[in-house]
Structure formats: structure tokens, C-alpha cells
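Student: structure for this input, please:
(one chain, ligands or ions: 1)
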Amino acid sequence: MRVSYQITLKSSGKQFSIQEDETILEAASRQNINLPYGCKNGACGSCIGKVIDGRVRHDQHSQAALSSADEVSGFALFCCAHAESDLLLEAREIHRNSDIAIRKVPCRINAILRPTTDVAILKLQLPAAERFQFLAGQYIEFLLKDGQRRAYSLATAPSQEGALELHIKHLPGGLFTDFVFGKTSPSLKEKDILRFEGPMGSFFLRDESKKPIIFVAAGTGFAPIKAIIEEIHLKNIGRPISLYWGVRRPNDLYLNSLCQDWAKAIKDFQYIPVISDALPEDAWTGRIGLVHKAALQDHPDMGNHQVYACGAPVMINAAHKEFTNLCHLPEDEFFADSFVNASDLAVN
Ligand code: FES
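Tutor: The predicted model follows:
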């Protein structure tokens, strides 16, 4: 029979179970408790905490991260410590974006996909030893040669292994997007190395709430919302979800089949694509008009919801105003990430 123990976090009183083959960090993450980490292999010390009561056993780790004297004093590296009894721990939980250190990280371009003519999906590979911690919905900034920066939301969930993903809309004349879409010489190619800084931003899931969620995405504003939905799915967070994705024409729904798959795989998940400029040849029979209006029509009372919206400022401002004024959405249950398409300066 597998042995399992109970862990209690002193500051919050939260409790979670741990199996004998799990590290404290793995057990916490499996049960939706965010603890800080860096390398995940006992080298950096980012995951250090204190064992107030109980016994732990460490895998191999660097003495610089945790010395023998630290261990005797009760400190532990949660990324490589296993429980040998029930534990009472002093640990810093991550509740906010500010709890995660912002770092500069190199990355290699693994793939440049082009699902439509004006959207590119970049896959970024980090160095093998790098564990980049972020909250689903946050963004990074590319550090360009002349000191300029370009911000893009991460479209992958933090608990997903593998490459990071970004969705980039082509804005003709935009310094970085022209580079990505092959309009400059040289232009971005697979295997190129870039550097970014992150994670940044306060657009992330408030997972202490159990309220149903309405997601409103416009264009590539879908990217951080995809990350949040994947995180919800991976962590089995059972909150009802309505996803509204607004684009101009049906072909602009560049990950439409993924959304349809979510609607089949995730319980209480509704997907509503909304088209603003359908042409007769599109033969579109679904919802039309402005994406936030579709959400408003379906949810005249948002009094018991949370809304997460990402897109251009005009959509965000209208959604905020109308949802709070007309649909009783509490002011503090509206979360938004707005980007400025025209300038190629801001997120997405
Ligand atoms: S995460 Fe680096 S030592 Fe634990």
C-alpha cells in the first residue's frame, strides 16, 4: 500500500496530502497550491521553506542552495524534499503576480506556425535547466537589440511541460511583427535565440473563487485565455465556463477546433464564437456582432460571475462599462488585459 501523509501550511492553514514518491512541491502543485520554485532540481534555493514539525528526506541537492547546517535548523528545499511523516510547514504561497520573481531568460524559437495569413504561433524552447514560473494569463516582454521591448501573452498553461507558446498578430509596419512575418531582412527563423523578461501582468485566474467564469476574447486576445482554460482543465478546477471569442471572419478563429474539443472534453464548458464582419461567402450561421454584446445577451445577470476579458481597449472598456452597469457584475470581478493593435507596442 502506498504511504501518504498530510501537510499543513502554517500561514494559511491549507492542507494537502503527499505520496511517498512525490516531492512537497509536486504534491502542492497537484492540489492547486502554488509554491515558489526556480530550477526544480535542488540548485537555486527558490523553493526553500521551513519544517516546523515532522521529518523530511532530501534528494540530492546543492550545498549552496541548502547547507547541512540549514537542514539541521529545519530548512528544506521543497522541490527535492519528501515527507517521512505528517508535516507542518512554513512556506511562502503564491497568491499574486508580485510573488514571482521577474527574470531575464534566453529562449530558442522552436517553431513558427502560421494558422492564418496574419497570425503566427511561436513556440519557444527554454534552456534545459530553466524552469520558468508564471501564472496562466501573464505575459513576457521580448528584449530587442535597440533597447525596445515587445509584450506578448503566454498561451500555454504553466503546469504544461514543453515549449512556451505565443500568438502574434501581424501589424504591417510593426517592428517586431514584420520581423516575425518575414517582412524584414533578416527575419525571424526557427532556431534563432531571443531574450525575454517576465512574467508580468495581473491578468490571471483568481482561483480562490468558485464562481462561474465568462471569458471574452477578441482576436489574439485569445492567447492568455487559452492558457487559463488549459490550466483550469489540467488542474480539474470544476467551474462552469462560457468562452466568447470574437473575430472578424470565421477563418480568423485560428484555434477553432481546439475550442470545440474543449467543449466536448470539459464539463460545463460552452464555446460561443462571434463574427463581426461575415461575408456572404462565409456562409456563417453562428453568432454575429460585437463579442461583448453576445456575452451580455446570454448573461443579463452577471451578479454571481467572474469575467476575464482580453482584446483591444475599445472592447475592454465597453465590456467593463456595460457588464458592471447593466448586468450587475461586481466591479472587482472584472479582470482585463488590453492591448493596442495599432502601435505594435503592447501586449499581443
Ligand atoms: S526550485 Fe531550485 S532548489 Fe528547489
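Student: where are the low-confidence patches of the protein?
Tutor: Residues of the chain meeting the criterion pLDDT under 70: 1, 96-98, 340-348.
Student: who does the longest strand belonging to it pair up with?
Tutor: Selection of the longest strand in the chain by residue count, based on DSSP state E, yields strand 103-116. Partner strands for strand 103-116, per DSSP bridges, with pairing direction: strand 119-125 (antiparallel), strand 193-200 (antiparallel).
Student: which residues touch that strand?
Tutor: With C-beta atoms under 8 Å, 6 or more residues apart in numbering as the test, strand 103-116 has contacts from 120-127, 130, 132, 143, 163-164, 180, 188-198, 251-252, 254-255. For glycine as for every other residue, the C-beta is placed from the backbone atoms N, C-alpha and C.
Student: and it, how far out from the chain's middle?
Tutor: 16 Å (C-alpha atoms, centre = their mean, to the nearest Å).
Student: and the gap between the nearest residue to Glu20 once chain neighbours are set aside and the ligand?
Tutor: Residue nearest to Glu20 in three dimensions, not counting chain neighbours: Val3, with 4.6 Å by C-beta to C-beta, 6 or more residues apart in numbering. For Val3, the distance to the ligand equals 23 Å [C-beta to the nearest ligand atom, to the nearest Å].
Student: what does the stretch 1-150 of the chain have sitting close to the ligand?
Tutor: Applying C-beta under 6 Å from any ligand atom, we find that the stretch 1-150 of the chain lies next to the ligand at 37-40, 42-47, 65, 77, 79.
Student: roughly how far apart are His305 and the ligand?
Tutor: From His305 to the ligand the distance is 36 Å (C-beta to the nearest ligand atom).
Student: contacts only, for that residue.
Tutor: Contacts of His305 (C-beta under 8 Å, 6+ apart): Lys211, Pro212, Ile213, Ile214, His299, Leu329, Glu333.
Student: how is this protein partitioned into domains?
Tutor: If you go by automatic domain parsing, the domain ranges for the chain are 4-93, 98-200, 213-338.
Student: the shortest one: end-to-end distance?
Tutor: One end of domain 4-93 to the other measures 22 Å (C-alpha to C-alpha, to the nearest Å).
Student: any buried residues in stretch 307-322, and which?
Tutor: By 16 or more other C-beta atoms under 10 Å, the buried positions in stretch 307-322 come out as Val307, Tyr308, Ala309, Cys310, Gly311, Ala312, Met315, Ile316, Ala318, Ala319, His320, Glu322.
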